[in-house]
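Engineer: here you go, sequence then predicted model.
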Amino acid sequence: VTNKGRIDLTVRFKEKCYIFEFKVIEGKEKKGALEQLKEKRYHEKYKGKCKEIYIIGVEFDKEERNIAYFEWGRV
């Protein structure tokens, strides 16, 4: 939990942090999971604790029940 919201998943491994945001979408409409991570600045909680921080947005198709889209970035 941060003062701006709740992180869906954080993995800390060997001085690296991986922060995930998951979204359920209908069809192939992109909802911006990665954009939410950037806007909410969830990574700030881990500055100084991790040498590398990665943010990963994963979007699941509601009907197909599979990953429809994902993207990542390093902050």
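Structural biologist: Perfect, I can see it now.

Engineer: in the chain, what residue sits furthest out from the centroid?
Structural biologist: Within the chain, the residue lying farthest from the chain centre (C-alpha atoms, centre = their mean) is E63, at 21.5 Å.

Engineer: without its sequence neighbours, what residue ends up closest to that residue?
Structural biologist: Excluding its sequence neighbours, the residue lying closest to E63 (C-beta to C-beta, 6 or more residues apart in numbering) is E26, at 7.2 Å. In this view, the C-beta of every residue, glycine as well, is placed from N, C-alpha and C.

Engineer: and the one you found, how far from A68?
Structural biologist: According to C-beta to C-beta, to the nearest Å, E26 and A68 sit 10 Å apart.

Engineer: so what sits against both of those two?
Structural biologist: Common neighbours of E26 and A68 (criterion: C-beta atoms under 8 Å, 6 or more residues apart in numbering): D61.

Engineer: show me which of the two is the more surrounded one.
Structural biologist: Between E26 and A68, counted using other C-beta atoms under 10 Å, the more crowded position is A68 (20 against 10).

Engineer: per-residue confidence at the closest residue to that one other than its chain neighbours?
Structural biologist: Once flanking residues are discounted, A68 sits nearest to D61: 4.0 Å by C-beta to C-beta, 6+ apart. Per-residue pLDDT puts D61 at 90.

Engineer: again, but for the one 3 residues further on
Structural biologist: Note for E64: predicted pLDDT of 86.

Engineer: and for V1?
Structural biologist: So V1 comes in at 62 (pLDDT).

Engineer: burial count for K51?
Structural biologist: Residues lying near K51 (other C-beta under 10 Å) number 9.
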